[in-house]
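**Q** Build the 3D model from these lines:
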Amino acid sequence: MDKVQLYRRVYESFKGLCAEGKQAVSFSEFCRNNEVDPAQMPSVLKSEFKGLQSLPGYKRRKRKNAASVYADVYENFRNLCAAGNQPGSFSSYCKEFGITRNAMHCYLKRNGLNVVGLPGYVMSHEAQYKNYKEVPFEDVIFEEAGFLPADIGNVITVTVDGHVAVSFPADTDVAAIARFVRKMGKEAGHVGS
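**A** Next comes the predicted model:
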């Protein structure tokens, strides 16, 4: 079959589908599925090709813009979470649709949306902090107040400005102690255990 016959057959098939109301895909996609270049169709068929708008029953397939795709993905994920069928992490769900983490993050931020507060959403295990222990500042034990005996060796004592000594349990994360010192806005004069 030569090139003109192949293009004619594809064009006539598409025209027939449009007339029957069975057009399922765009003209470009239909041509690619039949191994024909849609851009060459007018030059190969010349006067036989009248244009797509003149075909009876032709429906122009609109491409979705990025924002509507992001909105659809977010809504689908939200509905799945609400139904108790969360398909893993939100990032991996977006990857299935070819959406990068940064692109979706920008969309969510721009539209004031959040994933963490969705009903039925459970944070994935990778995202949770496994070895992180938060110590609220209210739970800090002050040695001067008498809450902790001074002779116990399993504490970390931080002296701030030479006159305030604060004791932390020995298993307290060092980063939490450093945050406490920074929050005090003063230098730690001595750190001992």
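
**Q** what helix or strand is the closest residue to residue 1 other than its chain neighbours on?
**A** Nearest residue to residue 1, sequence neighbours excluded (CB to CB, 6 or more residues apart in numbering): residue 9, at 7.7 Å. Heads up, the C-betas are built off the backbone N, CA and C, glycines and all. Using DSSP states H and E, residue 9 sits within helix 3-20.

**Q** just residue 168 next, same as before
**A** Residue 168 belongs to strand 164-169 when assigned by DSSP H and E.

**Q** Name the surrounding residues that touch stretch 17-25.
**A** If you take CB atoms under 8 Å, 6 or more residues apart in numbering as the criterion, stretch 17-25 is touched by 14, 30, 33, 55-59, 61.

**Q** what's the distance between it and the middle of its chain?
**A** 36 Å (CA atoms, centre = their mean, to the nearest Å).

**Q** Between its first and last residues, how far does it reach?
**A** This stretch, stretch 17-25, spans 10 Å end to end (CA to CA, to the nearest Å).

**Q** Could you do stretch 32-51 as well?
**A** The first-to-last residue distance of stretch 32-51 comes to 17 Å (CA to CA).

**Q** 48 is where my numbering starts, stick with that
**A** New numbering, starting at 48: the last item is stretch 79-98.

**Q** Just the buried positions in that stretch, please.
**A** 83, 85, 88, 91-92 (16 or more other CB atoms under 10 Å).

**Q** so what secondary structure elements neighbour the strand holding residue 215?
**A** strand 188-189, strand 202-207, helix 221-231 (3 or more CB pairs under 8 Å, 6 or more residues apart in numbering; DSSP states H and E).

**Q** try 6 Å this time
**A** strand 202-207 (3 or more CB pairs under 6 Å, 6 or more residues apart in numbering; DSSP states H and E).

**Q** Partner strands of the strand it packs on, with direction?
**A** Applying DSSP bridges, strand 202-207 is found paired with strand 211-216 (antiparallel), strand 235-239 (antiparallel).

**Q** what mean pLDDT does the shortest one have?
**A** So that's strand 235-239. Averaging pLDDT along strand 235-239 gives 49.

**Q** Count the residues that sit near residue 76.
**A** Counted with other CB atoms under 10 Å, residues neighbouring residue 76 total 12.

**Q** tell me the contacts of the residue nearest to the spatial centre of the chain?
**A** Note on the chain: the residue nearest the mean C-alpha position is residue 138, at 3.8 Å, using CA atoms, centre = their mean. When contacts are counted by CB atoms under 6 Å, 6 or more residues apart in numbering, residue 138 is found next to residue 148.

**Q** Sounds good, over and out.
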